[in-house]
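Asks: got a predicted structure here, sequence first:
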Amino acid sequence: MQAILVGFMGSGKTTVGQLLAQQLNVPYHDLDDIIVAMAGKSIQQIFDENGEAAFRQLEHIALARSLAQEGILGTGGGTPIQAANFSLLQKSNVPVILLDVLPETIMKRLKDDTGRPLAKELGLSGLVDLKSQRDDRYEQVSNYRIATDKLTPIEIVKILKRQLLMIQ
Ligand SMILES: Nc1ncnc2c1ncn2[C@@H]1O[C@H](COP(=O)(O)OP(=O)(O)O)[C@@H](O)[C@H]1O
Ligand SMILES: O=C(O)C1=C[C@@H](OP(=O)(O)O)[C@@H](O)[C@H](O)C1
Ligand SMILES: [Mg+2]
C-alpha cells in the first residue's frame with residue numbers, strides 16, 4: 001500500500017481514497033467492499049444476520065490480506081479500534097492518514113445514509129459519544145491528520161498528495 005486512510009464514518013475515507021488512487025493511477029481498495037465480497041451480503045445484512053462481532057472478524061481478515069496489496073486502502077471507521085488491527089496498521093510501514101471530521105459535519109454528510117448500521121442504531125448523540133471514544137486511537141495510529149470539514153474531496157487529495165511526497 002502507498003497510503004491507508006482512517007477516520008470516523010462520514011470523514012470521507014471512501015470518497016477521498018478513490019479520488020486519490022485515481023489521481024496517482026494506483027488501485028483503490030475499500031475494506032467494506034472487500035468484506036461485502038467475502039460475505040456475499042451487505043454490511044447491514046452482516047450486522048443483522050451475524051452480528052457486529054462476525055463483521056469485526058471479517059474486517060480483520062480483510063485488513064490483513066489488503067496490506068500486501070499495491071495502492072490506497074480506505075478502512076472502515078471501526079477498523080483501527082480493534083487492538084489486532086491497530087497493531088497491523090502500526091507495523092505496516094505505510095503512511096496512515098487520519099481524515100478528521102466534526103460531529104455536525106458527520107450528521108450533514110450521513111443524514112440520508114442507510115448503509116451504516118451503527119449510525120442507524122446510535123443516532124446523533126450516540127455517534128458523537130462513539131467518536132469521542134475512538135478519537136485517541138485514530139490520533140495514535142496515524143502519521144498525519146487532516147480536518148476535512150471545510151474542504152472538498154479535491155482539495156483534500158491535493159493536500160494529501162503533497163503530504164505523501166514529503167513522508168515517502
Ligand atoms: N470533503 C467532503 N465534503 C463534502 N462531502 C463529503 C466530503 N467527503 C465525503 N463527503 C460525502 O460524505 C458522505 C460519506 O463519505 P464516505 O466517503 O462514504 O465516508 P467514509 O468512507 O469515511 O464513511 C458521502 O456522501 C460523500 O459524498
Ligand atoms: O465505524 C464503524 O464501526 C463502521 C464504519 C463503516 O465504514 P465507513 O467508516 O466507511 O462508514 C463500516 O465499516 C461499518 O458500518 C462499521
Ligand atoms: Mg467508507
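Replies: Ah, there it is. Ligands and ions are numbered 1, 2, ... in the order given.

Asks: switch to C-alpha atoms for all contacts and neighbour counts from now on
Replies: OK.

Asks: low-confidence stretches in the protein?
Replies: 168 (pLDDT under 70).

Asks: is the longest helix anywhere in it positioned near ligand 1?
Replies: Longest helix in the chain, counting residues (DSSP state H): helix 117-141. No - applying C-alpha under 6 Å from any ligand atom, one finds helix 117-141 separated from ligand 1 by no less than 10.3 Å.

Asks: what does that helix contact?
Replies: Helix 117-141 has contacts (C-alpha atoms under 8 Å, 6 or more residues apart in numbering) with 6-8, 43-44, 47, 80-81, 86, 89-90, 96, 98, 103, 107, 114, 145.

Asks: drop anything exposed from these.
Replies: Neighbour-count burial (16 or more other C-alpha atoms under 10 Å) applied to the contacts of helix 117-141 gives 6-8, 43-44, 47, 80-81, 86, 89-90, 96, 98, 103, 107, 145.

Asks: those: which ones sit near ligand 2?
Replies: Checking these against ligand 2 (C-alpha under 6 Å from any ligand atom), the matches are residue 8.

Asks: okay, and which of the buried ones among the contacts of helix 117-141 map to helices?
Replies: 43, 44, 47, 86, 89, 90, 103, 107.

Asks: which of those residues sits closest to ligand 2?
Replies: The closest of those to ligand 2 turns out to be residue 43 (C-alpha to the nearest ligand atom; 6.2 Å).

Asks: wait, the closest one touches residue 115, no?
Replies: Yes - in this structure residue 43 lies within contact range of residue 115 using C-alpha atoms under 8 Å: 7.1 Å.

Asks: any idea how far residue 60 is from the residue located most distally from the centre of the chain?
Replies: Largest separation from the mean C-alpha position in the chain: residue 49, at 22.9 Å (C-alpha atoms, centre = their mean). According to C-alpha to C-alpha, to the nearest Å, residue 49 and residue 60 sit 19 Å apart.

Asks: do residue 93 as well
Replies: The value you get for residue 93 to residue 60, if C-alpha to C-alpha is used, is 18 Å.

Asks: ok, these two, which is more surrounded?
Replies: Neighbours per residue (other C-alpha atoms under 10 Å) separate residue 93 from residue 60, with residue 60 holding more: 19 against 12.
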